[in-house]
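Participant: I would like to see how this sequence folds:
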Amino acid sequence: MKFNLIEILFLLSLASFSLQTQAVQICGNYCGPNWCNGKVLAEKYCDTSMEPDQYYIKTDSCCQKHDHCCGFGNRSQCNDELIQCLVSPEAKYNNIICDSFFIEEFFEALDVLASFFGTGKMCCGTLCN
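Facilitator: Okay, here's the model as predicted:
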């Protein structure tokens, strides 16, 4: 993927904003940093009990799985699994409203930001250890 300088700066600033534990709703009940169960809530406190938003069902289901992984699983693969889910043919179909491409770019920007810190990868919203 090629980004111009403005896009890179925007994505890095958004990623940096995310690292400061701010909440951003991208769409649905699960898509966005510190956005879970349809409210401002970090993944570690999210029980993912709320159904994905039916309007954004494909993308929001991917984000729900990601939030569960970040809060209760091995966090090292959560971001990669989210991107794979978002680019799957199932998720690409009917994602006109919720921009899964933007979410994918956001997580790639997180990895770019992590590379500046020398780790090269993010695990959910924090640097991998």
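Participant: pLDDT below threshold where in the chain?
Facilitator: 1-22, 90-97, 99-101, 113, 117-120, 129 (pLDDT under 70).
Participant: can you pull the contacts of the closest residue to Gly38 other than its chain neighbours?
Facilitator: Excluding its sequence neighbours, the residue lying closest to Gly38 (Cβ to Cβ, 6 or more residues apart in numbering) is Asn29, at 4.1 Å. Quick note: C-beta positions are derived from backbone N, CA and C, even for glycine. By Cβ atoms under 8 Å, 6 or more residues apart in numbering, the contact set of Asn29 is 36-38, 50-53, 60, 64.
Participant: and Asn29, what element?
Facilitator: Assigned by DSSP states H and E, Asn29 belongs to no helix or strand.
Participant: ok, it to Asp80 distance?
Facilitator: Distance, Asn29 to Asp80, by Cβ to Cβ, to the nearest Å: 22 Å.
Participant: ok, which stretches of the chain are strands?
Facilitator: Under the criterion DSSP state E, strands of the chain are mapped to 35-36, 39-40, 122-123, 126-127.
Participant: what does the third one rub up against?
Facilitator: Outside strand 122-123, the residues that touch it by Cβ under 8 Å, 6+ apart are 70, 75-76, 78-79, 107, 110-111, 113-114, 128-129.
Participant: No further questions, thank you.
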